[in-house]
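Enquirer: Let me see the structure of the following:
(one chain, ligands or ions: 2)
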Amino acid sequence: MSETPGIVVMGASGRMGQMLVREVNAHPKMRLAGAVERPGHGWIGKDLGSAMGGQPTGLFVTDDPLEAMAGAQGVIDFTTPQVTIDLSVIAAQARAVHVIGTTGMTDEDIAKLDAAARHAVIVRAGNMSLGVNLLTQLTKQVAAALDEDFDIEVVEAHHRHKVDAPSGTALMLGEAAAEGRGLDFKEAYEAARDGITGARAPGKIGFSAIRGGDIVGEHDVIFAGAGERIVLRHLASDRALFARGALKAVLWGQDKRPGHYSMLDVLGL
Ligand SMILES: NC(=O)c1ccc[n+]([C@@H]2O[C@H](COP(=O)([O-])OP(=O)(O)OC[C@H]3O[C@@H](n4cnc5c(N)ncnc54)[C@H](O)[C@@H]3O)[C@@H](O)[C@H]2O)c1
Ligand SMILES: O=C(O)C1=N[C@H](C(=O)O)CCC1
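Expert: Residues are numbered from 1 along each chain as shown. Ligands and ions are numbered 1, 2, ... in the order given. Take a look at the predicted model:
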């Protein structure tokens with residue numbers, strides 16, 4: 001391995017992709033080794049710096065992740081579930097650390113990532129920020145401390161372009177709450193309500209999603225009891241915090257054994 005790991009950014013023109021390119025370029029301990037976009041995208045074959053509206057960098061955008069990963073030690077991937085699953089096979093072949101921020105994965109998708117992680121290091125989290133990962137631990141503690149008299153609701157808000165709901169973060173928080181309270185998450189899960197739903201059933205964890213404008217990402221975990229309410233809140237106002245978490249993860253993964261890790265492992269929480 002070269003001293004400075006080469007990192008490929010998948011989905012380089014995306015909201016997170018462009019943020020990742022900037023953060024990798026600014027990082028003293030890594031270099032940008034490749035930038036990948038989907039076949040047919042207008043950036044394919046163009047100089048990445050110019051495509052991003054800056055100076056040419058000599059690095060050209062490709063639609064071939066295998067080519068991009070030749071000589072790379074890591075790939076950071078905030079794209080779509082199918083793209084991420086396909087990439088996990090290629091990353092494993094290339095022995096590159098695969099950092100996954102993509103959300104909206106099904107259980108089947110995650111099983112495929114588990115299979116790839118038998119041969120490679122995968123770090124995956126629905127939210128890469130320190131604040132949210134710490135909040136999952138606080139959520140678990142509060143849920144363990146309070147009994148079923150406190151109803152748990154997770155409310156999240158994101159920009160108008162987000163395609164999946166509930167957010168990956170909301171699911172992380174809900175899973176932490178279920179774990180703290182000793183509930184089976186799948187059984188406790190209650191999707192957004194609509195119409196004559198009947199009274200709230202005890203032991204459920206409810207989810208609601210707001211979509212609008214340019215909201216980066218906001219999450220409340222509400223513990224609602226009789227006469228009092230506890231609200232644990234995380235507000236993200238800059239996507240750079242997700243990108244920085246991903247950079248931390250790709251460096252952390254460099255000397256790890258194959259496995260499917262989370263940001264809790266990276267952050268030691
Ligand atoms: N885990 C986190 O901390 C975190 C933070 C922000 C966003 N996300 C998630 O990251 C994902 C992307 O979010 P976004 O807002 O950047 O979306 P986006 O739509 O702006 O970016 C996705 C990019 O992937 C590209 N892409 C699609 N198919 C591809 C292919 N075959 N090869 C290469 N690139 C391909 C698209 O062209 C696009 O540029 C979402 O699932 C989102 O929920 C996670
Ligand atoms: O912008 C998005 O999309 C985000 N997705 C993650 C999620 O689903 O929780 C993290 C926050 C931003």
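
Enquirer: Alongside ligand 1, which residues does the stretch 151-269 of the chain contribute?
Expert: By Cβ under 6 Å from any ligand atom, the residues of the stretch 151-269 of the chain that approach ligand 1 are 168, 242. Every residue, glycine included, has its C-beta placed from N, CA and C.

Enquirer: Can you give the domain ranges for the chain?
Expert: Following the assignment in automatic domain parsing, the chain carries domains at 6-124+239-267, 130-236.

Enquirer: On the pLDDT front, check the residue nearest to Gly253 when sequence neighbours are not counted for me.
Expert: Nearest residue to Gly253, sequence neighbours excluded (Cβ to Cβ, 6 or more residues apart in numbering): Val97, at 3.6 Å. Per-residue confidence (pLDDT) for Val97: 98.

Enquirer: For Val97, grab the count of nearby residues.
Expert: Neighbourhood size, Val97 [other Cβ atoms under 10 Å]: 26.

Enquirer: Am I right that it is in contact with Gln73?
Expert: Yes - with contact defined as Cβ atoms under 8 Å, Val97 and Gln73 form a contacting pair (6.6 Å).

Enquirer: Now for those two: what residues contact both?
Expert: Common contacts of Val97 and Gln73 (Cβ atoms under 8 Å, 6 or more residues apart in numbering): Gln254.

Enquirer: The stretch 101-250 of the chain against ligand 2: which residues are in contact?
Expert: So the stretch 101-250 of the chain meets ligand 2 at 103, 126-127, 158, 162, 167-169, 217 (Cβ under 6 Å from any ligand atom).

Enquirer: Okay, and which of those residues map to helices?
Expert: Within these, residues falling in helices by DSSP state H are 168-169.

Enquirer: Can you lay out the residues of the stretch 101-250 of the chain next to ligand 2 as TSV showing neighbour count and pLDDT?
Expert: Converted to TSV, these look like this (neighbours: other Cβ atoms under 10 Å; pLDDT from 0 to 100):
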residue	neighbour count	pLDDT
Thr103	24	98
Gly126	25	98
Asn127	27	98
His158	25	98
Lys162	18	98
Ser167	23	98
Gly168	21	98
Thr169	27	98
Gly217	24	98
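
Enquirer: What is the nearest of the residues of the stretch 101-250 of the chain next to ligand 2 to Met30?
Expert: Met30 lies nearest to Asn127 out of those, by Cβ to Cβ, at 21.4 Å.

Enquirer: Let me see the contact set for that closest one.
Expert: With the criterion set at Cβ under 8 Å, 6+ apart, Asn127 makes contact with 133, 167-169, 172, 217, 242, 245, 263.

Enquirer: can we see that at 7 Å?
Expert: 168-169, 172, 242 (Cβ atoms under 7 Å, 6 or more residues apart in numbering).

Enquirer: now swap in Met30 and tell me
Expert: 4-5, 7, 24, 247, 251.

Enquirer: ok, of those, which come out buried?
Expert: Neighbour counting over the contacts of Met30 (16 or more other Cβ atoms under 10 Å) leaves 5, 7, 24, 247, 251 as the buried ones.

Enquirer: What does the pLDDT read for Glu3?
Expert: Reading off the model, Glu3 has pLDDT 78.

Enquirer: Give the residue farthest from the middle of this protein.
Expert: Gly227 (35.6 Å; Cα atoms, centre = their mean).

Enquirer: Do a quick rundown of the helices in the protein.
Expert: 15-26, 48-51, 65-68, 81-93, 107-116, 130-145, 168-181, 185-188, 240-252, 263-267.

Enquirer: Go through those helices and name the closest to Gly34.
Expert: Of the helices of the chain, nearest to Gly34 by Cβ to Cβ is helix 65-68, at 3.1 Å.

Enquirer: which strands and helices sit next to the closest one?
Expert: strand 31-36, helix 81-93 (3 or more Cβ pairs under 7 Å, 6 or more residues apart in numbering; DSSP states H and E).
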